[in-house]
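Novice: Predicted structure and sequence below. I'll ask about it afterward.
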Amino acid sequence: MNTRYTAPEAVYIHIPFCTNKCFYCDFNSYVLKGQPVMDYLDALEREMERTVQAQPPGKIATIFVGGGTPTVLLPDQMAHFLKLVKTYFPDQHENLEFSMEANPGTTDLEKLAAMKEGGVNRISFGVQSFDNGLLETIGRIHNTDDVYRSLENAAKVGFSNMSIDLMFGLPNQTPEIMEKTLNEALALDLKHYSIYSLKVEENTLFHTMYHKNQLPLPSEDDELDMYLLIMRRLKEAGYAQYEISNFARPGYESRHNTTYWRNRPYYGLGAGAHGYAEEHRHVNVKGVQPYIDRTKEGLPHLERFPVTQQEAMEDFMMVGLRLLEGISGDDFAAQFGVPVEEKFGGILDSLIKRGLLERAGNKIRLSEQGILFGNDVFASFLE
């Protein structure tokens with residue numbers, strides 16, 4: 001069966017509001033003050049209703065609410081929003097994974113209780129570092145005390161499946177500073193850790209500083225040392241590295257993100273959200289008011305375009321190889337009806353000879369060396 005045609009079982013919903021804009025952030029997010037939050041939630045309802053009418057869902061297995069900072073919603077707004085999700089996506093798997101991003105300091109007990117009552121069962125906290133000086137350098141408004149308080153409050157209301165995001169390669173960060181952050185992070189004994197390298201993106205304060213030579217980034221050697229340290233420490237602590245930037249206790253891998261890495265369909269709802277269904281990708285309009293206005297006329301798509309079989313196969317390889325278990329020849333054949341070797345045999349042989357990929361039964365995966373040069377591997381599959 002060609003899984004490119006199956007109804008989406010994953011939902012991404014974007015809440016674009018933030019308390020402030022971090023210096024490295026190029027996400028579609030807007031400072032909360034003065035924003036028409038309830039009008040935005042009404043617009044989301046209109047998009048949900050039209051979307052499920054146009055593309056009826058399968059049984060929903062994962063929901064992910066990202067941003068922005070979804071937890072800037074007030075408790076009553078949060079309860080209303082989560083009621084909408086349940087209304088338009090009522091057919092849910094018994095073991096639904098319902099994740100929400102949160103920033104430390106934006107989750108009091110009342111709000112966390114509203115989240116739990118509304119069906120959220122997994123929280124991903126944007127911690128980034130346990131070094132208060134670094135947090136200030138990158139424009140975060142929380143400190144480490146806020147992190148501990150937020151995690152403690154989440155546990156109090158019954159959340160057990162929690163993840164934190166950390167970053168490396170930050171300005172003035174050293175392997176020693178990174179190790180201290182890892183010590184504090186691992187002492188929490190959480191189910192999941194996502195650890196990303198800083199990328200200096202356009203339209204950010206860091207991009208401006210970089211081009212003025214005002215951004216003291218670590219050397220490439222130091223950044224590599226940090227990544228090697230991260231992989232070693234997480235492995236020693238009993239976490240499986242299941243994706244280039246993600247580590248989990250067995251059974252606690254992010255099933256929603258794995259939908260993306262397996263190149264499977266998903267709904268994308270909200271301002272600036274991306275979706276993939278019925279062999280088409282779409283991008284929604286970005287601005288808050290333009291999004292609200294567009295939902296009064298129809299679906300708020302800025303762009304919708306077909307994904308050719310060739311593009312889908314390239315996407316499958318590029319995102320699938322991010323997973324350390326690799327891509328499955330059976331899965332490729334199920335999605336596209338042809339063996340992976342027929343389309344990419346030459347590229348695969350070349351990357352295996354270079355020591356960047358390796359075969360493991362019917363799977364092809366990054367080698368230890370390939371993990372360090374993943375971008376080179378992924379780019380090889382672009383036509």
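Specialist: Happy to help now that I have it.
Novice: Let's verify Val11: helix, strand, or coil?
Specialist: strand (DSSP: H, G, I helix; E, B strand; the rest coil).
Novice: Show the contacting residues for it.
Specialist: Contact analysis of Val11 by CB atoms under 8 Å, 6 or more residues apart in numbering lists 57, 60, 62-64, 85, 89, 266-267, 269. C-beta: built from backbone N, CA, C; applies to glycine.
Novice: Look up how far Val285 lies from it.
Specialist: Distance from Val11 to Val285, counting by CB to CB, to the nearest Å: 19 Å.
Novice: now Ala185
Specialist: Separation of Ala185 from Val285 (CB to CB) stands at 37 Å.
Novice: ok, now Glu278?
Specialist: For Glu278 relative to Val285 (CB to CB), the value is 20 Å.
Novice: Low-confidence bits of this protein, can you list those?
Specialist: 1-5, 383 (pLDDT under 70).
Novice: which of the contacts of Val11 lies closest to Glu223?
Specialist: Phe64 (28.1 Å; CB to CB).
Novice: ok but the closest one is inside a helix, no?
Specialist: No. Under three-state DSSP, Phe64 falls outside any helix and is assigned strand.
Novice: For it, which non-adjacent residue is closest in space?
Specialist: His256 (4.3 Å; CB to CB, 6 or more residues apart in numbering).
Novice: so that neighbour is in which element?
Specialist: helix 255-261 (DSSP states H and E).
Novice: Tell me the spacing between the most centrally placed residue in the chain and Thr181.
Specialist: Closest to where the C-alpha atoms of the chain average out (CA atoms, centre = their mean) is Asn257, at 6.0 Å. Distance of Asn257 to Thr181, computed by CB to CB: 22 Å.
Novice: any chance of the contacts of Val11 in CSV, with neighbour count and distance to Ser194 too?
Specialist: Formatted as CSV, the contacts of Val11 follow (neighbours: other CB atoms under 10 Å; distance: CB to CB, whole Å):
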residue, neighbour count, distance to Ser194
Pro57, 20, 26
Ile60, 22, 23
Thr62, 23, 16
Ile63, 26, 18
Phe64, 24, 13
Val85, 23, 23
Phe89, 23, 25
Tyr266, 21, 18
Tyr267, 26, 22
Leu269, 23, 22
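Novice: Sitting in strands, which of the residues you listed do you find?
Specialist: Mapping those onto strands (DSSP state E) picks out 60, 62-64, 267, 269.
Novice: how much space between the nearest residue to Ser380 once chain neighbours are set aside and Leu324?
Specialist: Using CB to CB, 6+ apart and skipping residues adjacent in sequence, the residue nearest Ser380 is Ile347, 5.3 Å away. To Leu324, Ile347 is 19 Å away according to CB to CB.
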